[in-house]
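1. show me the folded form of this:
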Amino acid sequence: MSAREELEKLLSESVASARTRGATAFDEIAGGRPIVLFGAGGLGKKIALVLEKLGRPAVAFADNNRARVGEKVAGVPILATEDAVAKYGDDAVFVVAVWRAPATERMSDRIERLVQLGAKHVTSFATLAWKHPAELLPYYAMDLPHQVIEAKDDVMRAFELLADEPSRREYLSHLRLRLHLDFAGISDPADEPEYFTPNLVTLTKETSFVDCGAFDGDTARSFLRCAPADFAGRISAFEPDPGTFARLAAWRDSQPEDLKRRIAIHQAGAVKAPTAGMPKSTDP
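-> Presented below is the predicted three-dimensional model:
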């Protein structure tokens, strides 16, 4: 089946069908079982607070960091993952509440590990978010599945912009994720440079780089790794947030003196100049 045919098949679903899947996916897996949250980080805490508010508090966190065992997050105790599975694996639903980018492991890997340890009922946080969208969505790329179907004309137009088959297949895999939570279908991350891929960008000794939204210098570091060894250009980095700007400054100040002089940092944001004849924005 061609990529176009697969896309048309995905988008042939009715909005009503996709709405029903979003509303029922979590309960089909969880039923009325107690909830254990896997991952006691920021997302796990957010979900725990939402569950408390909804009157269905999580009974425990399962976490791979044994140093945190015995702590409580949002009033919920943290157990070692193996201990949580031993205690709740038969009777609770384990909700994977980990979402990192770039990730060192995939969502499908996390789910599979819990199953291998003995958890009988495992799902990603996305099914729970589909059940409670007002409290948990949107979250990064995740939102309700019926919205993809409602936007199918735009989805198809975006597909037409992709000229090569690998890009079209990757696009399809992300649509399957948004529609059916097929985390296992997502390709492994590319092992080439994230921003300065050689077949797209040619960096010379004299190339200079303007980084708008420089964070802590992560993209500038990537630029320097890809630039020629005798790089002699300049870097101008803009970062408005005080905390990350301080980290950006610390990174710049740690560089060799010759390079440091050629890295200009600005605690400011960058905006596109208004189109001629259009009124300037009054937004802050």
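2. gap between Ala246 and Ser167?
-> Here Ala246 is placed at a distance of 38 Å from Ser167 (CB to CB, to the nearest Å). The way it works is simple: take the backbone N, C-alpha and C, and place the C-beta from them, glycine included.
3. should've said Lys272
-> Taking CB to CB, one finds Lys272 at 27 Å from Ser167.
4. more neighbours, these two?
-> More neighbours surround Ser167 than the other of Lys272 and Ser167, with 13 against 7 (other CB atoms under 10 Å).
5. gap between the helix or strand that one falls within and the chain center?
-> Taking DSSP states H and E as the criterion, Ser167 maps to helix 165-180. Distance of helix 165-180 from its chain centroid, counting by CA atoms, centre = their mean, to the nearest Å, is 16 Å.
6. same deal with stretch 151-159?
-> Mean-position distance between stretch 151-159 and its chain equals 22 Å (CA atoms, centre = their mean).
7. which positions in it come out as buried?
-> Buried positions in stretch 151-159, judged by neighbour count with 16 or more other CB atoms under 10 Å: Lys152, Val155, Phe159.
8. tell me the contacts of the second one?
-> What it means is Val155. Contacts here follow CB atoms under 8 Å, 6 or more residues apart in numbering; on that basis Val155 touches Leu7, Leu11, Val148, Leu175.
9. tell me who's in contact with the closest residue to the last one other than its chain neighbours.
-> In space, Leu175 comes closest to Leu10 once its chain neighbours are excluded; the distance is 5.7 Å by CB to CB, 6 or more residues apart in numbering. Listed by CB under 8 Å, 6+ apart, the contact set of Leu10 reads Leu172, Leu175, Arg176, Leu179.
10. tell me the pLDDT at Arg110?
-> Note on Arg110: pLDDT of 94.
11. helix, strand, or coil at the residue nearest to Lys87 when sequence neighbours are not counted?
-> Excluding the flanking residues, the one nearest Lys87 by CB to CB, 6+ apart is Leu79, at 7.0 Å. Judged by DSSP: H, G, I helix; E, B strand; the rest coil, the three-state class of Leu79 is strand.
12. these two touch, right, Leu79 and Arg68?
-> No: contact criterion CB atoms under 8 Å: Leu79 and Arg68 do not qualify, at 9.5 Å.
13. who has more neighbours, those two?
-> Leu79 (23 against 16).
14. contact partners for the more buried one?
-> The neighbourhood of Leu79, defined by CB under 8 Å, 6+ apart, consists of Ala60, Phe61, Ala62, Asp63, Val69, Lys87.
15. so which of those residues sit within strands?
-> Among those, the ones falling in strands (DSSP state E) are Ala60, Phe61, Ala62, Asp63.
16. number of nearby residues for His97?
-> If you look again at residue 97, you'll see it is Ala, not His. Other residues within reach of Ala97, judged by other CB under 10 Å, total 27.
17. next, the residue nearest to it when sequence neighbours are not counted: secondary structure please.
-> Sequence neighbours aside, Gly44 is the residue nearest to Ala97 in space, at 3.9 Å (criterion: CB to CB, 6+ apart). Three-state call for Gly44 (three-state DSSP): helix.
18. now do Asp211
-> strand.
19. number of nearby residues for it?
-> Residues near Asp211, counting by other CB under 10 Å, number 23.
20. and it, what does it touch?
-> Going by CB under 8 Å, 6+ apart, Asp211 touches Thr219, Ala220, Phe223, Ile235, Ser236, Ala237, Phe238.
21. could you redo those residues as JSON lines and give each row neighbour count?
-> Below are the contacts of Asp211 laid out as JSON lines (neighbours: other CB atoms under 10 Å):
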{"residue": "Thr219", "neighbour count": "19"}
{"residue": "Ala220", "neighbour count": "22"}
{"residue": "Phe223", "neighbour count": "22"}
{"residue": "Ile235", "neighbour count": "23"}
{"residue": "Ser236", "neighbour count": "17"}
{"residue": "Ala237", "neighbour count": "24"}
{"residue": "Phe238", "neighbour count": "18"}
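22. reformat those as JSON lines; add pLDDT and secondary structure.
-> Below are the contacts of Asp211 laid out as JSON lines (pLDDT from 0 to 100; DSSP: H, G, I helix; E, B strand; the rest coil):
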{"residue": "Thr219", "pLDDT": "94", "secondary structure": "helix"}
{"residue": "Ala220", "pLDDT": "95", "secondary structure": "helix"}
{"residue": "Phe223", "pLDDT": "94", "secondary structure": "helix"}
{"residue": "Ile235", "pLDDT": "97", "secondary structure": "strand"}
{"residue": "Ser236", "pLDDT": "97", "secondary structure": "strand"}
{"residue": "Ala237", "pLDDT": "96", "secondary structure": "strand"}
{"residue": "Phe238", "pLDDT": "97", "secondary structure": "strand"}
